[in-house]
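Participant: Below are the sequence and a predicted model; questions follow.
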Amino acid sequence: MKDIHFRKQRELGQIISDTFVFLRRSAKPLLSVLVRTCSIPFIILIVAVGYYTNVSAGSNFLTTFSGTADIAEFVIALIGLALAGIIFNALLYGSTSVFVKHYIAQNQNPEVSVVVQHIKDKTSSILGLGFANLLIILAVAFLPAAIGGFLFASGAETLGILLIFLVIFPLLFVYVKLSVIFPALIDRDLSIQESIKESWKLVKDEWWMTFITIFIIALLIGVIGFVFQIPVVIYTIIKTVTSVQSGTMGDPEAFFDTTYLVLQVIGSAMNYILYTILAIALNFIYYNLNERKNQSGSLDQIDTIGASDV
């Protein structure tokens, strides 16, 4: 069975294939680590998803949320979901990066308890990096979104909507540039600021390849994740047919009952678990970029050969 070496250059297809090979071979110890480090944030996230779905399902913001209390509840649900998502994703990406670092250092046999302790020691940095990443994204989106909103409110609806829509391009650019901040933080034990700078530097001149790789991985995750959304789709179709036959089609809230809520939460939970695939792929992308820029893997092999000769 061929060993997986992270510190080497890879083409796009190799990154994708090795991601799934690594997941298949290391699923048990990686899952053990993630359960011990991400289970509580995951449960909180699922509760937040359920609460947000319950508050927003079948609602029209302009009509249903007419009262101050309704709007406040929606905002609280949205903020809670956002915070829970940031914490969970930061710990997922950070924990996976720590696991990969020990996988490399321990000859592909990381000790779970040591990995978990390392993650606990780095938790503050991991969470800090997650929130710093959010602040950067918000800063990038704020100006064009604010201008677009002002134009829309001033009567230039088309121009305002277009400007708000164009926010996606700077966001996408920055997201890709910061895509390997967690592997950089863990691999080189950098500070939050240094991790951001390192990710920005590594992706430089490799933006399109990084983007395409992430896009394909995200597409695969989306296809797999859609399987878990099929029950929701089927149930919605059944409810639609039933509503048409019973004449209750005009009540949108009738579609979003407890069964729908449960199915939606389960589907969302499975999709969040699938993010582990992206977390692994980002580590392969990081080590690939690091090798292309710094040749660290080649230098390690030379040092190993020299040490063995001595």
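Facilitator: Here it is on my side, so go on.
Participant: which sections of the stretch 1-150 of the chain are below the confidence cut-off?
Facilitator: Low-confidence regions of the stretch 1-150 of the chain, defined by pLDDT under 70, span residues 1-2, 57-70.
Participant: Mind jotting down where the helices sit in it?
Facilitator: Along the stretch 1-150 of the chain, counting by DSSP state H, counting those that start in this stretch, helices occupy 12-56, 68-105, 112-153.
Participant: To Leu190, which of those lies closest?
Facilitator: Among the helices of the stretch 1-150 of the chain, helix 112-153 comes nearest to Leu190, with 8.8 Å by Cβ to Cβ. C-beta here means a position set from N, CA and C on the backbone, and glycine is covered the same way.
Participant: tell me the mean pLDDT for the next helix or strand after that closest one?
Facilitator: As assigned by DSSP states H and E, the chain's next helix or strand after helix 112-153 is helix 157-165. When pLDDT is averaged over helix 157-165, the result is 74.
Participant: so is Asp189 in a helix, a strand, or just coil?
Facilitator: coil (DSSP: H, G, I helix; E, B strand; the rest coil).
Participant: Quick check: pLDDT value at it.
Facilitator: Predicted confidence (pLDDT) for Asp189: 93.
Participant: what about Glu73, distance to Val174?
Facilitator: The gap separating Glu73 from Val174 is 31 Å, by Cβ to Cβ, to the nearest Å.
Participant: actually Gln9, not the one I typed
Facilitator: On the measure of Cβ to Cβ, Gln9 and Val174 end up 25 Å apart.
Participant: the more surrounded of these two?
Facilitator: Taking neighbours as other Cβ atoms under 10 Å, Gln9 and Val174 compare with Val174 leading, 17 against 14.
Participant: so the more buried one is in which element?
Facilitator: Going by DSSP H and E, Val174 is part of helix 168-177.
Participant: relative to helix 112-153, how tilted is that helix?
Facilitator: Relative orientation of helix 168-177 and helix 112-153, computed by axes from the mean of the first three to the mean of the last three Cα atoms, to 10 degrees: 160 degrees.
Participant: and His202, what does it touch?
Facilitator: One correction, residue 202 is Leu, not His. Contacts for Leu202 (Cβ atoms under 8 Å, 6 or more residues apart in numbering) come out as 180, 184, 286, 289-290, 293.
Participant: what angle do the helix or strand hosting it and helix 168-177 make?
Facilitator: According to DSSP H and E, Leu202 maps onto helix 192-203. Note on geometry: by the same axes, to 10 degrees, helix 192-203 and helix 168-177 are set 100 degrees apart in direction.
Participant: list the buried ones in helix 192-203?
Facilitator: 192, 195-196, 198-199, 202-203 (16 or more other Cβ atoms under 10 Å).
Participant: ok, now stretch 20-40?
Facilitator: Buried-residue list, stretch 20-40, by 16+ other Cβ under 10 Å: 22-23, 26, 29-30, 33-34, 36-38.
Participant: Please apply the same query to stretch 10-21.
Facilitator: Neighbour count says stretch 10-21 has 10, 15-16, 18-19 buried, by 16+ other Cβ under 10 Å.
Participant: try stretch 169-182
Facilitator: 171, 174-182.
Participant: just to revisit the earlier point, want to try JSON lines for the buried residues of stretch 10-21, with distance to Tyr52 as columns?
Facilitator: Listed next are those as JSON lines, based on distance: Cβ to Cβ, whole Å:
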{"residue": "Arg10", "distance to Tyr52": "38"}
{"residue": "Ile15", "distance to Tyr52": "34"}
{"residue": "Ile16", "distance to Tyr52": "32"}
{"residue": "Asp18", "distance to Tyr52": "36"}
{"residue": "Thr19", "distance to Tyr52": "30"}
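Participant: Out of these, which is nearest to Ile86?
Facilitator: Taking these together and measuring to Ile86 by Cβ to Cβ, the closest member is Thr19, at 23.4 Å.
Participant: That closest one: what's it in contact with?
Facilitator: By Cβ under 8 Å, 6+ apart, the contact list for Thr19 reads 217, 277, 280-281, 284.
Participant: Type out the PyMOL command that picks the buried ones from these.
Facilitator: Entered in PyMOL, the line below selects the buried ones among those, by 16+ other Cβ under 10 Å:
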select buried, resi 217+277+280+281+284
